[in-house]
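Prediction below, plus the sequence it came from.
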Amino acid sequence: MNRSSAFLNQSVALFGSQTQTLGNLFNGNEAEGKLDYNWNTNNRMFIEFNWDHNTDRFGPCSSNCARGFSNPDNDYFPNAQFNFVHTFSPTILNEFKLGYTQNNTQVGTNLPGVPFIAFTDSVTGFGSYNGYPQYFKDHEYSYGDMVSISHGNHSFKAGVDVQRNLENSLFSVARGSYEFTDPLWFAADTPEGQAAGVNPGFCTTLACDQYSSNPQGVLSPSIRHWRNWEVGAYFQDDWKITKRLTLNLGLRYDLLTWPTEASNHQSNFDPATAVYDHVIPARTPWSGLVRKGQSIRIVDSFGQQSADTLFYNAHNHAERYDAQATLAAQGSAYVTAGTTLLSNEGRALAVVTADTSGDHDTSAGACSCESNTVRFGHHTRYMHACRENFLVEVARHGMDKRDIVANINFFMNVPVLPNGDLAIVDGLSKPGDYVELRAEMDVLCVISNCPQVNNPCNGFDPTDLRVLIWDAS
C-alpha cells in the first residue's frame with residue numbers, strides 16, 4: 001500500500017463473476033485410498049487414508065479486503081484409520097480400531113505491520129484483523145475395541161474408546177485494533193475503542209526526551225500446547241422381544257479430562273473457587289499470607305503493568321527471596337514457568353506453576369525516589385515509588401528498610417543488551433496475563449503495584465493488579 005495505490009482494489013469478486021483466472025477461488029487437493037484385506041474367514045482388516053489441502057490467497061475477509069488487506073489461508077486435513085475384525089465363533093467377534101486426524105489451519109496477513117482500523121459509520125476501513133496471523137494444529141489419536149456377542153434374542157456389545165487430543169496454537173494479538181466514529185475522527189487520532197495496541201517503544205521517558213536503543217513494541221504471541229484425554233466405556237443390549245419389537249438397552253460412561261498446557265503457560269484454576277480475590281489499585285502496595293500448598297495468581301488486569309514482588313518465610317522474616325541464588329540455580333536471567341524461587345538459606349519459597357507472559361525480571365530492582373532523581377531529574381524527587389510502597393507494607397509486619405532485598409518485577413520487560421546493560425522497555429504482557437505460584441512453605445508475599453511513570457515499565461499509565469489465592473485442594 002502506498003499513496004499512489006488505487007483507493008479500491010479489485011481484490012475480491014462479486015457474486016456471479018468468480019472465475020479461477022481472477023484467482024480468488026480457493027485451491028484444493030484431495031486424495032483418498034483404502035486397502036481391504038481378508039486373511040481368512042476369521043480375520044479381516046482395512047486401512048484408509050484421506051488427504052485434504054486447501055489454500056485461499058484471500059482467506060477470511062472483512063470489508064477491508066476491498067482495500068487489499070487479505071488474509072491468505074493454508075489448511076491441511078489428513079485422516080487415517082485402521083480396522084481389524086477377528087471372528088472367534090459364529091456368535092462372537094472382536095473389532096479393534098485405530099484412528100488419526102489432523103486439523104491444521106494457518107491464517108496469515110499480506111500486510112502484517114498495519115493495525116486494524118474500523119469505522120462505525122460503515123465506511124470501509126483498512127488493515128487485517130489484529131488476531132492474525134493465527135495457527136491451529138490439532139492432533140487427534142483414537143483407539144477403540146468392541147466385543148459383539150449374539151445369544152438367543154440378545155445382541156450384546158461392550159467396548160472402550162480412548163482419544164488423545166493435542167492442540168498446538170499460535171494466536172497473535174501484537175497489532176493494534178482501533179475503532180473510529182468516522183474518517184474525520186480518524187484524522188483527529190481520536191478512537192472510540194482500542195484493543196491490543198502498544199506503545200512502539202521508541203521513547204524511554206514520558207516527555208520523549210530520551211530514545212530507546214532497543215525498541216520493544218510488539219506484544220508476545222500467545223503460543224499454547226493443550227493436552228487432554230477422552231475415555232469412554234459402554235455396554236449395549238439389543239433385545240428382540242418379538243418380531244416387531246426390539247428393546248435397546250445400554251449404559252455408557254465417559255471421562256473428559258480438563259485440558260492442560262504442556263509448557264505451563266495456562267492454569268486450570270477457576271477464579272470462582274478462589275479463597276481470596278483482591279484488586280490492588282494502581283500505585284498502591286499489598287501483602288498477604290500464602291500457606292504451604294496454596295497457589296497465588298498475580299493478574300496484570302490491563303496489560304503492561306509491573307508488579308514488584310518480595311517473598312519472606314512467614315514465620316521467620318530473616319529468610320527471604322534471594323534473586324542471585326534463584327537465577328544461578330536455574331541458569332537463566334529471567335523468572336518464568338518452572339522457576340523455583342529460592343531463599344537466602346537455599347530453600348524453596350515458591351514454584352512458578354503457570355505463566356502466560358514469560359521472562360519476568362529479577363535484576364533491575366525496585367524504583368525509588370532517589371533513583372528517579374538520578375535517572376530522570378530532580379523534578380521527579382517527590383514522585384511516588386516502589387521502595388516507598390515496600391517500606392509502608394513491610395512495616396505492617398515488623399520489618400524496616402533493611403529487610404527490603406532485590407525483588408522480582410513480574411510483567412516488567414528488561415532485555416539484556418549486547419554490551420551487558422539492562423534496558424527497561426515496553427512490557428509484553430497483555431490484559432489478563434498472569435503468573436501463578438505454588439507456595440513451598442508458608443510465605444508472606446509483598447507486592448508494590450508500581451507507580452513509575454518516567455519509563456515504559458507500566459506503559460506510562462499505572463493500572464490495577466489482581467491477586468487470587470486457591471487452597472491446595
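Okay, I see it.

list the contacts for the one residue sitting closest to the centre of the chain?
The geometric centre of the chain, computed from its C-alpha atoms, lies nearest to residue 222 (C-alpha atoms, centre = their mean), at 4.3 Å. By C-beta atoms under 8 Å, 6 or more residues apart in numbering, the residues touching residue 222 are 169-173, 356, 430. In this view, the C-beta of every residue, glycine as well, is placed from N, C-alpha and C.

Among those, which ones are in strands?
Assigned to strands by DSSP state E, the following of those qualify: 169-171.

Of these, just the buried ones, ChimeraX syntax please.
The ChimeraX command for the buried members of these (criterion: 16 or more other C-beta atoms under 10 Å) is given here:
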select :169
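
Dump the ones in strands among the contacts of residue 222 to TSV, plus distance to residue 34 and pLDDT.
Listed next are these as TSV, based on distance: C-beta to C-beta, whole Å; pLDDT from 0 to 100:
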residue	distance to residue 34	pLDDT
169	31	90
170	34	85
171	36	79
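
Including distance to residue 347, could the ones in strands among the contacts of residue 222 go into JSON lines?
Shown next, in JSON lines, are the ones in strands among the contacts of residue 222 (distance: C-beta to C-beta, whole Å):
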{"residue": "169", "distance to residue 347": "37"}
{"residue": "170", "distance to residue 347": "38"}
{"residue": "171", "distance to residue 347": "38"}
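
Show me which of the ones in strands among the contacts of residue 222 is closest to residue 246.
residue 169 (45.5 Å; C-beta to C-beta).

the domain parsing of the protein - what is it?
27-172+221-261, 273-470 (automatic domain parsing).

Run a quick neighbour tally on residue 246.
As a burial measure, residue 246 scores 12 neighbours (other C-beta atoms under 10 Å).

where in the stretch 101-250 of the chain is pLDDT low?
Applying pLDDT under 70 to the stretch 101-250 of the chain flags the ranges 173-174, 196-221.

Restricting to C-alpha, output stretch 29-45 in PDB.
What follows is stretch 29-45, C-alpha atoms only, in PDB (Å, rounded to 0.1, in the frame of the first residue of the first chain):
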ATOM      1  CA  ASN A  29      -6.200 -31.000  -3.500                       C
ATOM      2  CA  GLU A  30      -7.800 -34.100  -2.100                       C
ATOM      3  CA  ALA A  31      -6.800 -37.800  -2.200                       C
ATOM      4  CA  GLU A  32      -8.200 -40.900  -0.700                       C
ATOM      5  CA  GLY A  33      -7.200 -44.500  -0.600                       C
ATOM      6  CA  LYS A  34      -8.400 -47.700   1.000                       C
ATOM      7  CA  LEU A  35      -6.900 -51.200   1.300                       C
ATOM      8  CA  ASP A  36      -9.100 -54.100   2.300                       C
ATOM      9  CA  TYR A  37      -7.500 -57.500   3.100                       C
ATOM     10  CA  ASN A  38      -9.100 -60.700   4.300                       C
ATOM     11  CA  TRP A  39      -6.500 -63.100   5.700                       C
ATOM     12  CA  ASN A  40      -9.000 -65.900   6.200                       C
ATOM     13  CA  THR A  41     -12.600 -66.400   7.200                       C
ATOM     14  CA  ASN A  42     -11.900 -65.400  10.700                       C
ATOM     15  CA  ASN A  43      -9.700 -62.300  10.200                       C
ATOM     16  CA  ARG A  44     -10.200 -59.200   8.000                       C
ATOM     17  CA  MET A  45      -8.900 -55.700   8.100                       C
END
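
thinking again about what came up before, from the ones in strands among the contacts of residue 222, which single one is nearest residue 69?
Proximity of these to residue 69 was ranked by C-beta to C-beta; the top entry is residue 171 with 18.8 Å.

Contacts only, for the closest one.
Residue 171 makes contact with 131, 134, 221-222, 224, according to C-beta under 8 Å, 6+ apart.

Just to be sure, which of those are found in strands?
Using DSSP E, the members of the contacts of residue 171 that fall in strands are 134, 222, 224.

How many neighbouring residues does the residue lying closest to residue 255 once chain neighbours are set aside have?
Spatially, and ignoring its direct neighbours in sequence, residue 255 is nearest to residue 231 (4.6 Å; C-beta to C-beta, 6 or more residues apart in numbering). Using other C-beta under 10 Å, residue 231 has 15 other residues around it.

tell me the SS of residue 231?
When classified by DSSP: H, G, I helix; E, B strand; the rest coil, residue 231 comes out as strand.

What's opposite the residue nearest to the centre of the chain in the beta bridge?
In this structure, residue 222 bridges to residue 171 when assessed by DSSP bridges.

Contacts only, for the closest residue to residue 439 other than its chain neighbours.
Leaving out its chain neighbours, the residue that sits closest to residue 439 by C-beta to C-beta, 6+ apart is residue 290, at 4.4 Å. Residues counted as contacts of residue 290 (C-beta under 8 Å, 6+ apart) are 296, 314, 350, 437, 439, 442-445, 469.

mind listing the helices for this protein?
Ranges of helices in the chain, per DSSP state H, are 183-187, 323-330, 369-376, 386-395.

which of those helices is buried the deepest?
Neighbour counts (mean count of other C-beta atoms under 10 Å) averaged over each of the helices of the chain peak at helix 386-395, with a mean of 20.
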